[in-house]
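Peer 1: quick one: sequence and predicted model below, then my questions.
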Amino acid sequence: MSSPQLDKTYDPKAVEARWSQVWQEQGYFHASPTHTGQPYSIVIPPPNVTGSLHVGHALNHSIQDILIRWRRMQGRNVLWLPGTDHAGIATQNVVEKQLMGEGASRESLGRERFIERVWQWKATSGDTIIRQQKRLGESCDWDRLRFTMDEGLSKAVLEVFVRLYEDGLIYRGERLINWCPRCLTALSDIEVEHEDVKGKLYHIRYPLVDDPQTALIVATTRPETMLGDTAVAVHPEDPRYNGLIGKRVRLPLTSRTIPIVGDAILVDREFGTGAVKITPAHDFNDFEAGERHQLPRLPILDHQALLDLDALNTAGVESELSTSIAGLPGSKARPKIEQVLKDRGLLVNVEDHKMAIGKCYRCKTVVEPYLSPQWFVKIKPLAEPAITAVEDGRIRIVPEGWTNNYLGWMREIKDWCISRQIWWGHQIPAWYCTTCNSGLFLSKVPMGTPVTAHAFLTILQGAKPIVARSAPTSCPACNGTSFLRDPDVLDTWFSSALWPFSTLGWPEQTVELKTYYPTSTLVTGLDILFFWVARMIMMGLKFMDEVPFRDVYIHALVRDAEGQKMSKSKGNVIDPLHVMEEFGTDALRFTLASMASPGRDIKLAEERIEGNRNFANKIWNAARFSLMNLDGPRTAVAPADRSFPDRWILSRLNHTIQLVTSELENYRFDRAANALYQFIWHEYCDWYLELIKPTLQNAASPDAPGTRQTLVETLETTMRLLHPFMPFLTEEIWQTLPHQGESIVIQRYPTSDTAWIAPDMEQRFGLLEQTIGLVRASRVLLNYPPGQQITFYVSHNEPQRQRHLEQLQKYLIHLGRGTVDLTPTTTWPTDNLLRLVAEGLSVGIVVTGEVDLNKALDRILKEQSEQTKEIGRLEGKLGNQEFVAKAPPEVITDHQDRLTSLRRDQAMLANSEQQLRAMLGG
RNA sequence: GGGCGGAUAGCUCAGUUGGCAGAGCGCCACCUUUACACGGUGGAUGUCGCAGGUUCGAUCCCUGUUCCGCCUACCA
C-alpha cells in the first residue's frame, strides 16, 4: 500500500480555489428547516452592495464562519444567511460621480432613469464582495442571498412603515435636523461625526433700544448667523443683566429689534459674556429656546447652506450687505460681516476657541442644522422593551462591558429622523392629495445655480399625507384623484433594522422564520452598535414580539501596525485579498482569530500573517511526515494499552479539545487559536512526532501498529478541531488521510474522551522534557554538534521519579542522542563531567575533546546566584511570623518544599562548580 | 463636559477565586539531524505607567494621578 505524496511546501492557492468550489457544489452550506439538530443561525451584517471586502469584513466574517463551521460540525441545524444592503447615500454618491464624469446628472436623467442606472451599477459591481467572501471560504447559504431592496425585503419595509404609522410611532413634522448641504439630505443624529476644531469666539455689541449708549455683548462662534437672531438670552438670576429682561436690543446690520429673554437652560453665566444670541433656525439649542419663548424662526441659509437673498430680505438685513453676501457660504460671508462690525465699532474682540463641528459620515462635509419637514420614528416606546431585553438577559452582549454603553444610549435616545432627500432607496409610502394640499408644495431653484439644476421640492408642514401599502385611487377627503407621492426615501438603516426577520420571509410566516428566528448570535463591530444592533432589537421586539438574537458578540476594530485607523486616503490599508494571495486565506483567518482579544483593537501587521503562514506550513509538513510513515499495519488498541508517547499525546489532545471548545463557547477566539497553536506546534510536532520516530522507523517494533493508529487518529482529530479556523488546509490534509465521509466540513467536531486522560503520562513527560532540556543545554554549552553521540548520566532525588526515568530510558537515548547511565549521582565520574541540576534532577554530560568550559562555568554561576536570591526570598517569607501564622497551609508547605529542593540543588551545583574549576585549573 | 477601555520583554499581546511574570514575532549563538530553513536547538531581555492604601503577601483588589485611544455631549 502506498500513501499519497505531498509537496514540501504548502501552496494555498490551488487548494483554496478547488475546495471552495467543491463545498458549494456539494451544498454543504445549504440550510433547511428539515435538517435535524437544534437550530443555530446567524445573519451576516450586510455590507454595502457595491463595496469590496476590507480587512474589517475579513475579521467579522472569519469569526462568524468559525462559529458556523464549529456549530455545523457539532450537528446543529445551521443557517448563515448572507446578503448586502443598498447603502442609499453612499451608492447614490458613487453613481452621481459617474454621471458627472459623463457630463450628466441625476436631475438631467430624472428619477426613474437614475434609479435604473443605479440598478445597473449594482448589477455590475454587486457581486464583487460576494465573490470575495466566497474566496474567504465563508460557509454561508449562498442560495439564500438577500439584498435590502429585494422584493420581499421591500415588502417588509412597507409593512413596517405603515404599521408604525398606524400605531402613531411614525410622524411627519418640521424640526431642525442635521442636514448635509452636499448630499442635500437630512441625516440622523448618529450619522454626524463630531470633530474638534480651532475656532474663534466673536464678542459683538447689541445696543439697547432704550439706551443706545449701552449694549449687551453677546458671544458667538458663527457671527454670520446673527442675521437670523430673534432674541438675546441672559440668565434670569444674573444680577448683571436680569433687569434688562423684557427690554429690546437693536440687532446690528438689520432693521430689526429683538427681545431680551431670561433663559436658565440656555445660558451659562460663566461662559463668554453671559449673554447669548438666539438663532432658532440654525442651532439646536436655540431652536429649543425659541420654542420656550415662542420666538419666530428666521432661516437665512438655504438647503445648500448658502445665504439666501430672499431670506435675508425677510430678516430685514441691510440691503447693501445682503447683496454682498447672498449666495455665499457662511465661511465666506463671515469675514465680510466681521469687517462691517469692526467698522462700526460693534466688534468688541475675537478670541481663540476650541469647538466641535459635525460632519457628514458619508462625505465629511460640515453639516448644518436645517429647518425642514421630515419623517420621524417616535422612539421611546420602542426603546423601552429593547432596554428591558438586555437588562433581563434575554439578549447578552459580549464582552459585557458594552452593555452599559448600550443601555446609556438607549435611555437617552431621541426620535429617529428616517427621511432622506435622495432617490436610491425605499420611497416613503405617503401620498398627498394635490387638491387638499394645494399651496403646500414649494418648488424652488436655488439662486446662483444654472437653470438646468433641478427644482428643490419641499412639501410643507401641514400637508396631510395618506400612508398606505399602495397608491390611493381617490382622496378620502375630497375624492380627488391627483396625488403627489412623497419624494423622500427611507434611511438605509430602517431596512437593515428588519434584517433578522425580513430575510427569513417576514411578513409571511415562513417555516424558515419559525425555525431560525430568533437568531443565535450577532457578530459585529462596535461602530454599528447604535446604527444597527439597537434598531434591530427595537424592531424585532415590535414586530416579532421576540428578540432578534440571543448573543451579540462585539469585536474589535482592525487598525494598522501603528494603531492608526486604516483608510484609503492614508494609504495604510491592508488589502485582505492581497494578503490571501500572498500568505493564504487560512493564515489570514487564523491571524485575525488569534488577535481577537476582547476590549482591544487589533493592530495588524503583515509579519503576524506571515507567522501563521509558517504555522500552516508546519501543519502541512506534520501531515506529510505522517503520510510518509503510515505504510504498514495499524491496530486500534485501548488507549491505556498504548505506548507512553501515544498515551501522552492523547491526553494532551483531549485537554486541547476541552479547552478549544470552552473558549469557543465563551467567544474567546484568541485563546482557542493559541491553544491550537501551542498544541500543534509545541506538543504534537516538537515532541510527539520526535518521540515516535524510532518506533515508526523500525519495522520490527511491536509498538508500530498501535503508534501508526495513534498518529492517524490524533492528526485526523486535530484537523477537525482546527477546521473552523483553517478550513482549506484541514480539508486538504484530511482528504489525504485515511477517513470516512466525503468532506471534513460535515464531520463531527471532536469531543472529549475520558479514556484519553492520563495525568501520570503527562507527569512523566514533564520529567522527560526537563531532562532533555538539560542535556540539550549542556550540548550547546560544550559546543557539541547536534549529531554528536554523547554519554550522559541522569539521576533524580526522588525514587519515584528515578523509576520513571528508568522507564523512559529509550526515549532519553533517542532524544538525548547518545548513551545514558541511570545510576545514582554518587557513582558518577568526578572528572570530565558537566553537571546541571533542576528540581532534584541531575544531568551529567561527559566532556570530551578540547572544549572551553568557561561558558558552562558562567551558566552555573548564574544559576547559583539566581538560586541564592530565591532561597533568600523564601527564607525571608518563612521566617516572617505573620506569614506563617496567616498564609494558607498549602502555600506554606509549597514554599517549604521549594526551599528544600532549592537547597539540595544548590549543594549539587556547588559540587558541580568545584569540579568545573578543577577541570579548568588542571 | 460625561462615560468606557488600554498602559506587562525591542514590537504585538496573554495573564480572575492575590502566593515562583508568559506567548508570538524580532534579536544573539550554533545547526543542511531525510516532515518542515515558511525549519531545529539553546540563549538574552521586564522597578507589570506613576503615587498611595488594603493584605503576611499586590501585575491582579481600592483610591488618586499621568499618558494614549474610543464612545458620547447643545456651553454659545
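Peer 2: Yep, that arrived. Numbers count the residues shown, from 1 in each chain, chains lettered A, B, ... in the order given.
Peer 1: who's in contact with the helix or strand hosting A:I609?
Peer 2: Secondary structure assignment for A:I609, by DSSP states H and E: helix A:606-628. Around helix A:606-628, the neighbours that count as contacts under Cβ atoms under 8 Å, 6 or more residues apart in numbering are A:3-6, A:8-10, A:12, A:561, A:574, A:579, A:583-584, A:586-588, A:590-591, A:594-595, A:677, A:680-681, A:684-685, A:689, A:711-712, A:715, A:722, A:726, A:729, A:733, A:736-737. (Glycine included, C-beta is placed from N, CA and C.)
Peer 1: go again with 6 Å.
Peer 2: A:3, A:6, A:10, A:579, A:583-584, A:586-588, A:590-591, A:681, A:685, A:711, A:715, A:729, A:733 (Cβ atoms under 6 Å, 6 or more residues apart in numbering).
Peer 1: narrow those to those in strands?
Peer 2: Cross-referencing the contacts of helix A:606-628 with the strands (criterion: DSSP state E) gives no overlap at all.
Peer 1: which among these count as buried?
Peer 2: Burial by neighbour count, judged by 16 or more other Cβ atoms under 10 Å, picks out A:6, A:10, A:579, A:583-584, A:586-588, A:590-591, A:685, A:711, A:715, A:729, A:733 from the contacts of helix A:606-628.
Peer 1: of all those, the one with the weakest confidence?
Peer 2: Lowest pLDDT within the buried ones among the contacts of helix A:606-628 is found at A:L6 (80).
Peer 1: quick check: closest non-adjacent residue to it.
Peer 2: On the basis of Cβ to Cβ, 6 or more residues apart in numbering, the spatially nearest residue to A:L6 that is not a chain neighbour turns out to be A:R624, at 4.4 Å.
Peer 1: for A:K618, see how far away that neighbour is.
Peer 2: Distance check for A:R624 against A:K618: by Cβ to Cβ, to the nearest Å, it reads 10 Å.
Peer 1: phi, psi of A:L630?
Peer 2: Reported as degrees, to the nearest 10, the phi and psi values for A:L630 are phi -90, psi -10.
Peer 1: out of everything not next to it in sequence, what's closest to A:E16?
Peer 2: Using Cβ to Cβ, 6+ apart and skipping the chain neighbours, the partner closest in space to A:E16 is A:F728 (4.7 Å).
Peer 1: which ones are touching the one you found?
Peer 2: Contacts here follow Cβ under 6 Å, 6+ apart; on that basis A:F728 touches A:15-16, A:19, A:586.
Peer 1: from the residues you listed, which is closest to RNA strand B?
Peer 2: RNA strand B has its nearest neighbour among those in A:D586, at 11.2 Å by Cβ to the nearest atom of the strand.
Peer 1: burial of the closest residue to the closest one other than its chain neighbours, as a residue count?
Peer 2: If you skip the residues right next to it in sequence, A:D586 has A:M726 as its closest partner in space, 3.8 Å away by Cβ to Cβ, 6+ apart. Other residues near A:M726 come to 28 when the count uses other Cβ atoms under 10 Å.
Peer 1: with A:E683 instead?
Peer 2: 18.
Peer 1: and the one 4 residues further on, by the same measure?
Peer 2: Neighbouring residues of A:W687 were enumerated by other Cβ under 10 Å; the total is 20.
Peer 1: using the three-state scheme, assign A:Q213.
Peer 2: When the structure is split into helix, strand and coil by DSSP: H, G, I helix; E, B strand; the rest coil, A:Q213 lands in coil.
Peer 1: give me phi/psi at it?
Peer 2: phi -70, psi -20.
Peer 1: quick one: mean pLDDT for the longest helix along chain A?
Peer 2: The helix spanning the most residues in chain A, taking DSSP state H as the definition, is helix A:889-921. For helix A:889-921, mean pLDDT is 91.
Peer 1: same deal with stretch A:140-157?
Peer 2: According to the model, stretch A:140-157 has a mean pLDDT of 96.
Peer 1: and that stretch, how far apart are its ends?
Peer 2: The straight-line separation of the ends of stretch A:140-157 (Cα to Cα, to the nearest Å) is 24 Å.
Peer 1: buried ones in it, by neighbour count?
Peer 2: Neighbour counts using 16+ other Cβ under 10 Å place A:140-142, A:144-150, A:152-157 of stretch A:140-157 among the buried residues.
Peer 1: name the residues of the stretch 751-900 of chain A found near RNA strand B, please.
Peer 2: Counting by Cβ under 7 Å from any atom of the strand, the residues of the stretch 751-900 of chain A close to RNA strand B are A:772-773, A:776-777, A:779-780, A:783, A:785-787, A:862, A:870, A:877, A:880, A:882-883, A:886-888, A:891, A:894, A:898.
Peer 1: name the residues of the longest helix of chain A that come out as buried.
Peer 2: A:892, A:895, A:899, A:901-902, A:905-906, A:908-909, A:912-913, A:915-916, A:919.
Peer 1: thinking the residue nearest to A:D586 is in contact with A:T585, fair?
Peer 2: No. Applying Cβ atoms under 6 Å, one finds A:M726 not in contact with A:T585, separated by 8.6 Å.
Peer 1: and for these two, which residues touch both?
Peer 2: Overlap between the neighbourhoods of A:M726 and A:T585 is empty, taking contacts as Cβ under 6 Å, 6+ apart.
Peer 1: would A:E351 count as being in a strand?
Peer 2: Yes. Residue state for A:E351 (three-state DSSP) corresponds to a strand.
Peer 1: now the nearest residue to it once chain neighbours are set aside, what's its secondary structure?
Peer 2: Spatially, and ignoring its direct neighbours in sequence, A:E351 is nearest to A:L201 (5.1 Å; Cβ to Cβ, 6+ apart). For A:L201, the reduced secondary structure class is strand; criterion used: three-state DSSP.
Peer 1: same deal with the one 5 residues further on?
Peer 2: Here A:Y206 takes the strand state, with states given by three-state DSSP.
Peer 1: out of the contacts of helix A:606-628, which touch RNA strand B?
Peer 2: The overlap between those and the neighbourhood of RNA strand B (criterion: Cβ under 7 Å from any atom of the strand) consists of A:10, A:681, A:685.
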